[in-house]
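Trainee: Fold the following, please.
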Amino acid sequence: MTTASKGLNVSLEPHLVDALKQVQDLLPEELKAKLTDYVAEPAKPIIPYELLQNVSQWSRTLGGKDKMDSKTLNPQDYSMVSLLAGTTTSPEKTFGDYTPPATPEKQASDKARERKAITALVNSLFSIFGAGFAAWWGADRTGWRDEYKVLFGLAVGIVVAISEGILFLIWTSRRTSAGARKRYSGRHKKDDADTLESKEDEPTQIITASAQQDEGSTLRQRH
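Mentor: Numbers count the residues shown, from 1 in each chain. All right, here's what the predicted structure looks like:
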């Protein structure tokens, strides 16, 4: 038994209970005692995968085949494929939703958006520091005091930072709305295609019905 199958349970369906009860008395005492705990009335809702595997392995032994032949039981009915048919693996556990990996086109599109966002952020930082330095340099040329030059440079940098932030928010919202419109357009095209296909089928149905009606009237005229 592999390590991955340890700790796994299988739903104990009614047809599986019936199959295990038929072979229950033929099993070795230790295996029979373990199986009885699960198939005895009332049967438990689950059974360990390891226990089913032990039953399947026993059915392929020479002693198991001889005992099953004496009861006209088919050993193939106790293979793991047959025993697990119609069952659910670990029904008592809750597994998370599967998220498929992104397609190469989606990954390339995400990387392109990341590069654009990084470029916009770097440009914003250069604009903020550049505007602040330019304001300080201009104030220095006018002979202002040092504290006024610093305050003026900071004020200009803050104004530019607020402007860049607003522009970045607008750019982000447009990207989001554009993606939503693209998804809606894809669904709309699919709905239109389904509607067009159904409309194309209508004339065929009408023609077929008309042809059948004409054929029926012709047969009535012959009689």
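Trainee: which residues in this structure form helices?
Mentor: 14-24, 29-39, 49-59, 62-70, 80-84, 104-141, 146-222 (DSSP state H).
Trainee: Can you check which of the ones you listed gets nearest to residue 90?
Mentor: Closest to residue 90 of the helices of the chain is helix 49-59 (CB to CB; 8.6 Å). In short, each C-beta sits where N, CA and C put it, glycine included.
Trainee: still on that earlier bit, lowest-confidence stretch among the helices of the chain?
Mentor: With a mean of 62, helix 146-222 has the lowest mean pLDDT of those.
Trainee: Next, the contact list for residue 6, please.
Mentor: Shown in contact with residue 6 (CB atoms under 8 Å, 6 or more residues apart in numbering): residue 50.
Trainee: Quick check: it vs residue 18, distance?
Mentor: Residue 6 sits 27 Å away from residue 18, taking CB to CB, to the nearest Å as the criterion.
Trainee: okay, the residue in the chain sticking out farthest from the centre: pLDDT?
Mentor: Distance from the C-alpha centroid of the chain, by CA atoms, centre = their mean, peaks at residue 143 (66.4 Å). Note on residue 143: pLDDT of 79.
Trainee: From residue 69, how far out is it?
Mentor: Separation of residue 143 from residue 69 (CB to CB): 112 Å.
Trainee: Same question for residue 16.
Mentor: The spacing between residue 16 and residue 69, counted by CB to CB, is 22 Å.
Trainee: swap in residue 28?
Mentor: Distance from residue 28 to residue 69, by CB to CB: 17 Å.
Trainee: cool, residue 58 as well?
Mentor: Per CB to CB, residue 58 is found 14 Å from residue 69.
Trainee: What of residue 98?
Mentor: 44 Å.
Trainee: the more surrounded of the two?
Mentor: Set side by side, residue 98 and residue 69 show more neighbours around residue 69, with 11 against 5, by other CB atoms under 10 Å.
Trainee: got the buried residues for stretch 107-124?
Mentor: residue 124 (16 or more other CB atoms under 10 Å).
Trainee: Could you check how far that stretch is from the centre of its chain?
Mentor: Centre-to-centre, stretch 107-124 and its host chain are 27 Å apart (CA atoms, centre = their mean, to the nearest Å).
Trainee: Likewise for stretch 36-52?
Mentor: 32 Å.
Trainee: Ends of it, what's the gap?
Mentor: From its first residue to its last, stretch 36-52 covers 12 Å (CA to CA, to the nearest Å).
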